[in-house]
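*Asks:* Build me a model from this:
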Amino acid sequence: MHILLLGSGGREHALAWKIAASPLVTKFWCAPGNAGIAREAECVALDVADHAAVIDFCKTNAVELVVVGPETPLAAGIVDDLTAAGIKAFGPDRIPAQLESSKGFTKALCTEFGIPTGAYKRFTNAADARAYVQSQGAPIVVKADGLAAGKGVVVAKSVREAEDAIAMMFDGTFGEAGAEVVIEEFLPGREISFFALCDGETAIPLASAQDHKRVFDHDVGPNTGGMGAYSPTPLVTPAIHDAIMAKIILPTVSGMKQRGTPFRGILYAGIMLTTQGPKLFEFNVRFGDPECQVLMLRMMSDIVPAFLAACDGQLKNFDLRWHPEAALTVVMAAKGYPGDYQKGTRIEGLDDAAKVETAEIFHAGTVEKDGAILANGGRVLNVCALGKTVTEAQVRAYQAVDRINWPEGFCRRDIGWQAVDAEKSKG
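*Replies:* Coordinates of the predicted model:
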C-alpha cells in the first residue's frame with residue numbers, strides 16, 4: 001500500500017514507526033514530518049492546511065490511505081475533502097471532529113444521550129459568564145469553546161481567577177476559539193486518558209495509558225501538552241474500564257450514529273474518576289501526545305489493518321493485541337516551555353541513548369541541519385522504554401535520557417510515579 005501520514009510531532013513519529021513496520025506498506029510519506037520521522041518515511045513539504053495540494057499529491061502518488069495525526073486538519077474537514085475525492089482517510093469528518101473542536105458541542109451531546117459529565121453553561125458574552133461564576137463560586141473550570149492548542153482551559157481556584165480567564169478569552173487571546181466560553185463544574189478525582197478505535201458503529205478500547213500534564217515534578221507548575229506518559233495504569237481497573245465503555249464511549253458512538261454523523265477514528269476521552277464514578281471532562285478526536293508513544297510501543301497488532309477496518313466499518317470482527325510489558329515515555333522539552341523558549345539548539349548523544357535496552361526515541365520538535373539534530377519546538381524529544389514493570393521501564397527511560405547531551409533541555413524526573421508507588425506497595 002501507498003500511505004501518507006499528516007503531522008510533525010512525537011505522536012506522528014510513533015505512528016510512523018508503527019506504520020513503517022507493517023508488511024502491507026510499499027511506499028510511505030509524511031507531511032511535513034521531522035528529523036526523526038525522516039528515518040521511517042519520506043518527508044514531503046506539503047502544507048496540510050491546503051487540502052487541494054494534499055489531494056493532488058495523493059492522486060499523483062496513488063496514495064491508498066491517509067492517516068491524519070493532529071486535530072487541526074480534522075477540525076478543518078480534511079477527511080471530508082479526501083473522501084469526496086475518493087481517497088480513504090483515517091480520522092473523523094468535520095462534524096464529528098467537533099467533539100474536540102467545540103466544548104459546547106460535546107456538552108450538548110452528553111446532555112442528549114445521558115453521558116456523565118460535570119454541570120455546565122455556555123456563554124457568548126463576558127457579563128453573563130461573570131455573573132454565573134459569581135453565583136457558583138470556585139473552584140470552577142473556564143474553557144474556550146474552540147481549539148486553543150491545549151491552552152484554552154483554566155481551572156480557577158478563586159472567583160477572581162475565573163473572572164480573569166473569562167476576560168482573557170473574550171478579549172481574543174485565543175481568536176475565534178474564545179468567541180464562546182463554556183463554564184463547568186470542577187470535578188475532584190484522579191484524571192485518566194481512555195482511548196477507543198471507532199468505525200461509526202463499533203468501538204474497541206485500546207490499552208490504558210496515563211499522562212502527566214504539569215510541567216514540573218510532583219505535578220506542579222502550569223499545564224502543558226504532556227510531559228510524559230506510561231501504560232498500563234493501575235488507575236484503570238477492569239470495573240472502571242467496563243464502566244467507561246458502557247457509560248461514556250459506547251453511548252457517544254451510538255449517539256453520533258443516531259445524529260447521522262458517525263464517528264470514525266480514535267476517540268480519546270479525558271475522564272475524571274470521581275466518587276460518583278467516571279465522568280467525562282473532554283473528548284479529543286485523535287491519539288493523545290505523549291500517550292500515543294507508549295501505546296504504539298505496546299501494540300502487538302499491525303496498525304494498518306486496524307486503520308482500514310475503522311475506515312471500512314469492519315471493527316466488529318476485529319481485535320487488537322498488546323504486549324504484556326509496560327511502556328514509559330519522558331518528554332524532553334526546551335527550557336522555558338510552556339512559555340517562551342529558544343529554538344535551534346544542538347542535541348547530541350541520541351545514538352548512544354538509543355543503545356539502552358528497549359529504548360526508543362521519538363522526535364517531537366526537531367530539524368536536521370548539516371547532519372546535526374536541532375531543537376525546533378517546545379516539546380522536542382520523547383525518550384521511551386519498555387520493562388516488565390512500569391518501574392523497570394522508568395529506570396531504562398531515564399538511563400537513555402541521561403545519555404542525551406542537550407544543556408538547553410529539561411524533563412520531569414518522576415514520570416510514572418503513580419504506578420511506581422503502586423508497584424512498591426505490592427512489594
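*Asks:* Relative to Phe194, how far out is Arg298?
*Replies:* Noted for Arg298: a distance of 15 Å to Phe194, by Cβ to Cβ, to the nearest Å. Placement of C-beta: from N, CA and C, glycine included.
*Asks:* Give me the more crowded residue out of these two.
*Replies:* Phe194 (25 against 19; other Cβ atoms under 10 Å).
*Asks:* Surely the more buried one is within a helix?
*Replies:* No - counting by DSSP: H, G, I helix; E, B strand; the rest coil, Phe194 is not found in a helix; it is strand.
*Asks:* Name the nearest residue to it, ignoring sequence neighbours.
*Replies:* Leaving aside its sequence neighbours, Phe194 sits nearest to Ala269 (Cβ to Cβ, 6 or more residues apart in numbering; 4.5 Å).
*Asks:* again with Asp289
*Replies:* The shortest distance from Asp289 to any non-neighbouring residue, by Cβ to Cβ, 6+ apart, is to Arg11 (3.8 Å).
*Asks:* Go ahead and confirm that neighbour touches Leu295.
*Replies:* No - assessed by Cβ atoms under 8 Å, Arg11 is found out of contact with Leu295, at 9.9 Å.
*Asks:* Give me the common contacts of the two.
*Replies:* Residues touching both Arg11 and Leu295 (Cβ atoms under 8 Å, 6 or more residues apart in numbering): Phe287.
*Asks:* tell me the pLDDT at Lys18?
*Replies:* Predicted confidence (pLDDT) for Lys18: 98.
*Asks:* element containing it, please.
*Replies:* helix 10-20 (DSSP states H and E).
*Asks:* could you point out which element follows that helix?
*Replies:* Immediately after helix 10-20, counting by DSSP H and E, sits strand 27-32.
*Asks:* And the contacts of the very next helix or strand once past that following strand?
*Replies:* Sequence order places strand 42-43 as the next helix or strand after strand 27-32, per DSSP H and E. Strand 42-43 has contacts (Cβ under 8 Å, 6+ apart) with Lys27, Phe28, Trp29, Cys30, Ala31, Pro32, Gly33, Asn34, Ile37.
*Asks:* What residues are bridge-paired with the third one?
*Replies:* On the basis of DSSP bridges, Trp29 takes part in beta bridges with Leu4, Glu42.
*Asks:* wait, it sits on Glu40?
*Replies:* No - with contact defined as Cβ under 8 Å, Trp29 does not reach Glu40; the gap is 10.5 Å.
*Asks:* just to revisit the earlier point, parallel or antiparallel, which strands does the helix or strand encompassing the residue nearest to Phe194 pair with?
*Replies:* Secondary structure from DSSP H and E places Ala269 in strand 264-274. Partners of strand 264-274 in the sheet, by DSSP bridges, are strand 190-199 (antiparallel), strand 277-284 (antiparallel).
*Asks:* Of all these, which one is nearest Ile248?
*Replies:* In terms of Cβ to Cβ, the element of the strands paired with strand 264-274 nearest to Ile248 is strand 277-284, at 5.3 Å.
*Asks:* can you tell me the average pLDDT over the closest one?
*Replies:* Taken as a whole, strand 277-284 has a mean pLDDT of 94.
*Asks:* Return the distance of it from the chain's centre.
*Replies:* Centroid displacement of strand 277-284 relative to its chain, using Cα atoms, centre = their mean, to the nearest Å, is 14 Å.
*Asks:* CA atoms only for that strand - export them in PDB, please.
*Replies:* Coordinates of each C-alpha in strand 277-284 appear next as PDB, following Å, rounded to 0.1, in the frame of the first residue of the first chain:
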ATOM      1  CA  GLY A 277     -17.900   7.000  39.100                       C
ATOM      2  CA  PRO A 278     -16.100   8.000  35.900                       C
ATOM      3  CA  LYS A 279     -17.200  11.400  34.400                       C
ATOM      4  CA  LEU A 280     -16.100  12.900  31.000                       C
ATOM      5  CA  PHE A 281     -14.400  16.300  31.100                       C
ATOM      6  CA  GLU A 282     -13.300  16.400  27.500                       C
ATOM      7  CA  PHE A 283     -13.100  14.500  24.200                       C
ATOM      8  CA  ASN A 284     -10.200  14.600  21.700                       C
END
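*Asks:* And the next helix or strand past it?
*Replies:* Next along from strand 277-284, by DSSP H and E: helix 291-298.
*Asks:* Can you give me the buried ones in the helix or strand just after that following helix?
*Replies:* Once the chain leaves helix 291-298, the next helix or strand it forms, by DSSP H and E, is helix 303-312. Neighbour counts over helix 303-312 (16 or more other Cβ atoms under 10 Å) mark Ile303, Val304, Ala306, Phe307, Leu308, Ala309, Ala310, Cys311 as buried.
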